[in-house]
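K.L.:
Any chance you could fold what I've pasted below:
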Amino acid sequence: MAGGASRKISAASARSHTRRAKQSSPVALPSGIFTKLLAIFFVGILAFAYQAIQPAAPRIPGTPDGPPVTAPRIKLRDGRHLAYKEHGKPKDIAKYKIVFVHAFDSCRHDAVVASTLSQEIIDDLGIYIVSFDRPGYGESDPDPKRTPKSIALDIEELADKLGLGSRFYVIGLSMGGQVVWGCLKYIPHRLAGAVLLAPVVNYWWPGFPTNLSTEAYYQQFQQDQWTLRVAHYTPWLTYWWNTQKWFPASSVVAHHPDIFSPHDKAVISKLPPRPYAAQVRQQGEYETLHRDMMVGFGTWEFDPMDLENPFPNGEGSVHLWQGDDDLLVPVTLQRFIAHRLPWIKYHELPQSGHVFSFAGGMCDAIVRTLIVGETAASA
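P.N.:
From the prediction side, this is the model:
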């Protein structure tokens, strides 16, 4: 029996052994399940990313979900509405008619030329001013197809609907000043004169020497450099960039105090409150602030530095006013523009920042210089 004896194993022990063997066996998954799970995960990520870059629909004034319409409006060629506000002399007796184009993050109520122009100048010269909400701002319908040309045509149509005559003046501030370049390009035959007040520049205009525009570009806060890069190179990410919380976005949108010079801060401290401020972005930020960025810093269909004098016979004039301590718009680039376009009358203000036009008496000088001439304005 030695070496050949066999052990007897109980039935219970055998069943236990069998159960343990079955429990340790690997689970067999259906063929291709990992590929399907990976695909589902990838689709989920894409869906999340798509939602993140999609702005909410604008709250269009006068619609059931939008704010009420309180301003007079005209209906444009494509069915959009443009809200406006009239100032100064009644247009039927006014001698000079001015269309004012407001700045970034502003509206028709922010018409500095109208609000600070002295009654003496208004009466003596007979001045009428109309300001309007640029598309998407205030109570004007948004324009998803907005371009430098389309806004110039909006201005022309506003002037025609209001009966301002064959020629009128246009004055634009900051981003509104940039709009004036489009007026000089597309409706020069309708202009009696034009003023650009600290107009925003597009660092990608091809007329700038690369070294000059690059140096000016890097003078901005790093967060603003990235904001403009996104608006220029990947405009479809503009909404996401300006709403995400991982990195700081535009300091201009955030109204960071360091974007203003000491002169600016002194002027701003004296400005009256803006009870209408909530109206500016009431349709949402995408068709206002973000659209301004995409259009203003996108690829333009023309270069302002290629423009020709719209008044070759001296029947009108174009003026560019700029503070030499403007921290938002580089004075070096404005000087270059003035050098390239000698027909522009360039006015550089020492120790002045971006909002110099709000300083006392400044708009009197600007308007008188435009309409009467520099000699009379300085007299």
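K.L.:
Confirm residue 346 sits in a helix?
P.N.:
No: counting by DSSP: H, G, I helix; E, B strand; the rest coil, residue 346 is not found in a helix; it is strand.
K.L.:
Just give me the neighbour total for residue 289.
P.N.:
Applying other C-beta atoms under 10 Å, we find 22 residues neighbouring residue 289. For glycine as for every other residue, the C-beta is placed from the backbone atoms N, C-alpha and C.
K.L.:
Help me confirm that it is found in a helix?
P.N.:
Yes: counting by three-state DSSP, residue 289 falls inside a helix.
K.L.:
I figured it hits residue 104, correct?
P.N.:
Yes: between residue 289 and residue 104 there is a contact at 7.0 Å, judged by C-beta atoms under 8 Å.
K.L.:
What is the end-to-end distance of stretch 134-146?
P.N.:
10 Å (C-alpha to C-alpha, to the nearest Å).
K.L.:
again, but for stretch 92-105
P.N.:
End-to-end for stretch 92-105, by C-alpha to C-alpha: 31 Å.
K.L.:
Which positions within it qualify as buried?
P.N.:
Buried residues in stretch 92-105, defined by neighbour count with 16 or more other C-beta atoms under 10 Å: 94, 96, 97, 98, 99, 100, 101, 102, 103, 104, 105.
K.L.:
tell me the pLDDT at the third one?
P.N.:
At residue 97, the model reports a pLDDT of 98.
K.L.:
repeat for the last one
P.N.:
Model confidence at residue 105, given as pLDDT, is 97.
K.L.:
my guess is it meets residue 253, correct?
P.N.:
Yes: in this structure, residue 105 is within contact of residue 253 by C-beta under 8 Å, at 7.1 Å.
K.L.:
Mutual contacts of the two, please.
P.N.:
Common contacts of residue 105 and residue 253 (C-beta atoms under 8 Å, 6 or more residues apart in numbering): residue 289.
K.L.:
Can I get the buried residues of stretch 92-105 in a markdown table including secondary structure and distance to residue 326?
P.N.:
Shown next, in a markdown table, are the buried residues of stretch 92-105 (DSSP: H, G, I helix; E, B strand; the rest coil; distance: C-beta to C-beta, whole Å):
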| residue | secondary structure | distance to residue 326 |
| --- | --- | --- |
| 94 | coil | 32 |
| 96 | strand | 28 |
| 97 | strand | 29 |
| 98 | strand | 23 |
| 99 | strand | 24 |
| 100 | strand | 20 |
| 101 | strand | 18 |
| 102 | coil | 18 |
| 103 | coil | 13 |
| 104 | coil | 14 |
| 105 | coil | 17 |
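K.L.:
Now stretch 152-165: buried residues?
P.N.:
Here stretch 152-165 shows 152, 153, 154, 155, 156, 157, 158, 159, 162, 164 as buried, counting by 16+ other C-beta under 10 Å.
K.L.:
I meant to write stretch 348-363 there.
P.N.:
Residues of stretch 348-363 classed as buried by neighbour count (16+ other C-beta under 10 Å): 349, 352, 353, 354, 355, 356, 357, 358, 359, 362, 363.
K.L.:
try stretch 314-323
P.N.:
Neighbour counts over stretch 314-323 (16+ other C-beta under 10 Å) mark 316, 317, 318, 319, 320, 321, 322, 323 as buried.
K.L.:
For the third one, list each beta-bridge partner.
P.N.:
It refers to residue 318. Taking DSSP bridges as the rule, residue 318 bridges to residue 194, residue 344.
K.L.:
ok, it touching residue 344?
P.N.:
Yes: between residue 318 and residue 344 there is a contact under C-beta under 8 Å: 5.1 Å.
K.L.:
Can you list the residue ranges for strands in the stretch 151-300 of the chain?
P.N.:
Using DSSP state E, counting those that start in this stretch, the strands of the stretch 151-300 of the chain run over residues 168-173, 191-197.
K.L.:
list the helices and strands the shortest one packs on?
P.N.:
For strand 168-173, the helices and strands in contact under the criterion 3 or more C-beta pairs under 8 Å, 6 or more residues apart in numbering; DSSP states H and E are strand 96-101, helix 175-186, strand 191-197, helix 362-371.
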